[in-house]
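S.K.: After the sequence you'll find the predicted model.
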Amino acid sequence: MKEQLTLNGLDFSPEENLSRYLQSIKKFPILSSDEEYNLALQYKKSKDTTIAYKLITSHLRLVVKVVAKYRGYGLPIGEMISEGNIGLMYAVDKFAPEKGFRFSTYALWWIKASVQKYILNSWSLVKLGTTAAQKKLFFNLRKIKNRLNLIDDRELSQNVLQDIAQSLDVSVQDVTDMNMRLKSHDGSLNSIVDGDSDGTTEWMDFISDSKPNQEETLAHAEITKYRKQMFNQALYVLNNREKDILFKRRLYDKTITLDDLSKTYNISKERVRQIELNSIKKITKAIELMQ
């Protein structure tokens, strides 16, 4: 699919001229439900890249809408769009139209996943923490502040900090540190798109209603089920000890300590940690091979 990145004079990697790219993608028609379904069926059977191109170009605006919601992280918009477009291409390859969902609903998950992965890598979350709760904080703090109308650079009150920390299952210090990192990058969605030649295109123009509709809710459940199935299938690469350590360290509501597990298996805490990390790598590789 990489060959399709510059078909028909349109570069799917818009870093150099974002304004021209945003104008270019407006010329591609939005597919009807029937057109989308028929094209998806044809592509699944033939893997014809010209069909994939039609599906991709009709959804480039969806990528921009997703990226617009992440523009406050201070990263190059063009690069985030490029990453989102890669997620869109993955979605085309893996979409199953016979399940009855709109392609845009399915593609939304892949686009968000690609953009979020790029953001996490760019922000070096090793320094911020890599737990699920801290990642949730990273992507939800600004959303919560907007809901509370706290969009300026003032410090958050102790009560607000405590409420946010409780709702996202992190410490008050985590919220304070993350707010310091993020607030300098906050920006208005009414600001003009960088490089817009006529100065009239606002980021708000690319934002759609974020409330999930019935299709999105069903698709999310379907994708969650799919990911769970893949994970369960990938468990075959682990032996019983590896499974036990992985589940007790990462998947139980109450995490079992390295010390407790080292006593259970009569090995060092460092060895437990190595088994935990190696198990994750083995699972990840197994899932990649299945895709």
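M.R.: Yep, that arrived.
S.K.: Sketch out the helices for the stretch 151-291 of the chain, chain order is fine.
M.R.: In order along the chain, the stretch 151-291 of the chain carries the following helices (DSSP state H, counting those that start in this stretch): 158-168, 172-183, 214-234, 240-246, 258-265, 269-290.
S.K.: and those helices as a markdown table, adding mean neighbour count, distance to S82 and mean pLDDT?
M.R.: C-beta here means a position set from N, CA and C on the backbone, and glycine is covered the same way. Supplementary listing: these in a markdown table, determined by neighbours: other Cβ atoms under 10 Å; distance: least, Cβ to Cβ, whole Å; pLDDT from 0 to 100:
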| stretch | mean neighbour count | distance to S82 | mean pLDDT |
| --- | --- | --- | --- |
| helix 158-168 | 15 | 30 | 79 |
| helix 172-183 | 17 | 23 | 73 |
| helix 214-234 | 13 | 23 | 69 |
| helix 240-246 | 17 | 34 | 90 |
| helix 258-265 | 15 | 40 | 90 |
| helix 269-290 | 15 | 21 | 84 |
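S.K.: now for the ones you listed, which one comes closest to I25?
M.R.: Taking Cβ to Cβ as the measure, the helices of the stretch 151-291 of the chain were each checked against I25, and helix 214-234 came out nearest at 22.1 Å.
S.K.: residues in contact with I283?
M.R.: Taking Cβ atoms under 8 Å, 6 or more residues apart in numbering as the definition of contact, the neighbours of I283 are F231, A234, L235, V237, L238, L246.
S.K.: Can you tell me how far it is from N232?
M.R.: Plainly put, I283 is 10 Å away from N232 if you go by Cβ to Cβ, to the nearest Å.
S.K.: among the helices of the stretch 151-291 of the chain, which is nearest L31?
M.R.: L31 sits nearest to helix 214-234 of all the helices of the stretch 151-291 of the chain, at 15.0 Å, using Cβ to Cβ.
S.K.: thinking again about what came up before, from the contacts of I283, which single one is nearest K45?
M.R.: Taking Cβ to Cβ as the measure, K45 lies nearest A234 of the contacts of I283, at 27.7 Å.
S.K.: Tell me how far the spatially closest residue to L141 that is not a sequence neighbour lies from D163.
M.R.: Distances taken as Cβ to Cβ, 6 or more residues apart in numbering put M178 closest to L141, at 5.5 Å, once the chain neighbours are dropped. Computed with Cβ to Cβ, the distance linking M178 and D163 is 15 Å.
S.K.: pLDDT weak spots in this structure?
M.R.: 1-16, 123-134, 146, 149-155, 181-223, 226, 290-291 (pLDDT under 70).
S.K.: Point me to the residue sitting closest to the centre of it.
M.R.: A113 (2.3 Å; Cα atoms, centre = their mean).
S.K.: can you tell me which residues contact that residue?
M.R.: Contact criterion Cβ under 8 Å, 6+ apart gives G87 as the residues in contact with A113.
S.K.: got the CA coordinates for the helix or strand containing it in PDB?
M.R.: Secondary-structure assignment from DSSP states H and E places A113 in helix 103-122. Provided in PDB are the C-alpha atoms of helix 103-122 (Å, rounded to 0.1, in the frame of the first residue of the first chain):
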ATOM      1  CA  PHE A 103     -15.900   1.500   7.200                       C
ATOM      2  CA  SER A 104     -15.500   5.000   8.700                       C
ATOM      3  CA  THR A 105     -16.500   3.600  12.100                       C
ATOM      4  CA  TYR A 106     -14.000   0.800  11.900                       C
ATOM      5  CA  ALA A 107     -11.200   3.000  10.500                       C
ATOM      6  CA  LEU A 108     -11.600   5.500  13.300                       C
ATOM      7  CA  TRP A 109     -10.100   3.000  15.800                       C
ATOM      8  CA  TRP A 110      -7.000   2.400  13.600                       C
ATOM      9  CA  ILE A 111      -6.500   6.100  12.900                       C
ATOM     10  CA  LYS A 112      -6.700   7.000  16.600                       C
ATOM     11  CA  ALA A 113      -4.400   4.100  17.500                       C
ATOM     12  CA  SER A 114      -1.700   5.200  15.000                       C
ATOM     13  CA  VAL A 115      -1.900   8.900  16.000                       C
ATOM     14  CA  GLN A 116      -1.800   8.100  19.700                       C
ATOM     15  CA  LYS A 117       1.200   5.700  19.300                       C
ATOM     16  CA  TYR A 118       3.100   8.500  17.500                       C
ATOM     17  CA  ILE A 119       2.200  11.000  20.200                       C
ATOM     18  CA  LEU A 120       3.300   8.600  23.000                       C
ATOM     19  CA  ASN A 121       6.600   7.800  21.300                       C
ATOM     20  CA  SER A 122       7.200  11.500  20.600                       C
END
